[in-house]
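> pasting the sequence and the predicted coordinates here, then a few questions.
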Amino acid sequence: MSKKVLYITGIVLVCSICRLQADVINSTWVGGSQGEWGEAKYWADPNNWDPHVVPDNNGDTFAVTIDSDTGIIQLHLKQVRTIDRLDCYGEVWMYMGDPNWIQLTINEPNGLTNYGVFRLFIHGSEFDRIVGNITNRGVMELKSKIGYIVGNVTNASGAELDLIDLWTTGSISNLADGMIWIGHTVETGNVENTGSIMLLPASELVAYNTLHNTGEIKMNGGFCGSDNLLHNDTDGVIKGFGVVFAEELLQNEGQISAFGGSLTIACEGSFTNTGTLGNMCVSSLYISSTDDVSNQSNMVINPGGGVAFDCNLVNEPNATIQLNGGTLASSTSTITQQAGATFEGFGAISSDVIISPNGIVRLTGPTNIVGDVEIDEDATLEISDGLTLITGHVTCDGTIHMKGGWMVPQGGISGSCNIVWEPGPYSHVADFNLDGQVDFEDFSFFADTWLWEADWR
């Protein structure tokens, strides 16, 4: 090949490379502000941009800035457009909608970034969408009737984000001190929350893969769940009323608490608790699981409500159940107390209770047990400072230790039971006149009220 041919070929290659290296055009909105009731202007009008070229990658690429110094910028996007980046300042309202397919593609990883107040309304066809990542550093509202976002949505620290009827194929991330409001139905691939999420009444937040919470999720009659794993991590708090759901595994290492009504935890797979479960006063926590529930940490049952299971509950070694005047229930199932676990307090228990060998249940006050009680060998039921009424049958091969308390086994008692009586710190079974002392006055009170009036006298 001749040198001339090589030279010409080189020129052609250089020119081809230059054409491939497109220029980046910094495009700025100059269409002005229309105000809240003003007429929206159009993306497709070149007079709204500086330079007067409609931002749309076609050889050149566009980095777009929309800035509202005063008032509200309202603009319509009614075509398919592609840009590299979109930065919004001030207050911007963007409408995407047309009977035909509308798509805004933003190529760079930073995608759309809001630094002010940004409202997006996708309300055209079911194919309308934004392809790219969205980051909110100010106040943002994303609202869609039938459109969606192909990418990730990130709410930065200190930012506020409203999500209404939205579907994202990526993840929703809420950073520390960020606030997300959920309205209607919001569906996404994953949820990562280290800030605060508020579910409004009748709203739904659903993750197809994983919902991971290390912040706070406040339920106000909504639905929050995952089609796979819901992991409430060590610092995570889920509280309120509504439904918390996991199809495969619900793992609580933080705090889940019913507040303001009834909170249901529904799990089609397994549920484990190594954190804290409970109810605030006059609220109820209901747990539904296809497998037995293993309590490996803390449960707190407060007055005016309770904690109920539709499966077997096992209180594992080193775990705690604190009954503070509420109701602990396991409908048609059992509550098993293992050795080394703590189960104490007073209130109501609606379930069959099994105390395993070397296990102990301490009831310190008036308590009703609606169900049977099984006290295995070397196990102990300790009753103090009140009456424990058991409606079912008591099978005891261990010890019933009454420390100033009483037990009424309405269904009878059987087994080789060791029954121990002794005074409690606040009461004694022989303190008939309730003066805090056991003396001849108690004997006199006993004689006056029973002995001298007996039928056999």
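Right, received. Where do you want to start? Numbers count the residues shown, from 1 in each chain.
> can you count the residues close to D439?
D439 is flanked by 11 other residues according to other Cβ atoms under 10 Å. For glycine as for every other residue, the C-beta is placed from the backbone atoms N, C-alpha and C.
> and A156, what's its pLDDT?
A156 carries a pLDDT value of 98.
> got a list of what it touches?
T135, N136, R137, L175, G178 (Cβ atoms under 8 Å, 6 or more residues apart in numbering).
> and R119, by the same measure?
Here R119 is in contact with V92, W93, M94, M140, E141, K143 (Cβ under 8 Å, 6+ apart).
> Serialize the contacts of A156 to a markdown table and add fields for neighbour count and pLDDT.
Formatted as a markdown table, these follow (neighbours: other Cβ atoms under 10 Å; pLDDT from 0 to 100):
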| residue | neighbour count | pLDDT |
| --- | --- | --- |
| T135 | 20 | 98 |
| N136 | 25 | 98 |
| R137 | 18 | 98 |
| L175 | 16 | 98 |
| G178 | 23 | 98 |
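> from these, which land in strands?
T135, N136 (DSSP state E).
> what does the helix or strand where L75 lies rub up against?
Assigned by DSSP states H and E, L75 belongs to strand 73-77. With Cβ under 8 Å, 6+ apart as the contact definition, strand 73-77 has outside contacts at 29, 31-34, 38-43, 48, 66, 90-97, 102, 104.
> coming back round to it: tell me the one of the contacts of A156 nearest K218?
K218 has its nearest neighbour among these in G178, at 13.7 Å by Cβ to Cβ.
> which other helices and strands does the longest strand anywhere in the chain contact?
Across the chain, the longest stretch assigned as strand under DSSP E is strand 320-337. Judged by 3 or more Cβ pairs under 8 Å, 6 or more residues apart in numbering; DSSP states H and E, strand 320-337 is in contact with strand 298-301, strand 306-309, strand 313-315, strand 342-355, strand 360-370.
> parallel or antiparallel, which strands does that strand pair with?
Sheet pairing of strand 320-337 (DSSP bridges) gives strand 298-301 (parallel), strand 306-309 (parallel), strand 313-315 (parallel), strand 342-355 (parallel).
> chain center to the last one, what's the gap?
The reference is to strand 342-355. 27 Å (Cα atoms, centre = their mean, to the nearest Å).
> now D69. Nearest residue, chain neighbours left out?
G90 (6.2 Å; Cβ to Cβ, 6 or more residues apart in numbering).
> sorry, that was for I349
I369 (4.7 Å).
> which outside residues touch stretch 166-179?
With contacts defined as Cβ under 8 Å, 6+ apart, stretch 166-179 is touched by 133, 142-144, 148-161, 163, 180, 185-198, 215.
> what stretches of the stretch 101-250 of the chain score poorly on pLDDT?
By pLDDT under 70, the stretch 101-250 of the chain has no low-scoring segment.
> try 90 this time
101, 123-128, 144-147 (pLDDT under 90).
> in the contacts of R119, find the pair that's most separated.
V92 and K143, at 14.0 Å, using Cβ to Cβ across the contacts of R119.
> mind checking how far stretch 160-175 is from the chain centre?
15 Å.
> so which bits of that stretch are buried?
160-168, 170-175 (16 or more other Cβ atoms under 10 Å).
> what's the closest of these to K403?
Nearest to K403 among those, counting by Cβ to Cβ, is N174 at 50.5 Å.
> for that closest one, give its distance to D227.
19 Å (Cβ to Cβ, to the nearest Å).
> please apply the same query to V117.
Taking Cβ to Cβ, one finds V117 at 33 Å from D227.
> same check on I172?
Per Cβ to Cβ, I172 is found 15 Å from D227.
> can you show me the helices along this protein?
Remark: helices assigned in the chain by DSSP state H are 3-20, 440-449.
> would you single out the least confident of those helices?
Lowest mean pLDDT within the helices of the chain: helix 3-20, a mean of 39.
> picking up where we left off before, can you list the strands that the strand holding L75 pairs with?
strand 41-42 (parallel), strand 91-96 (parallel).
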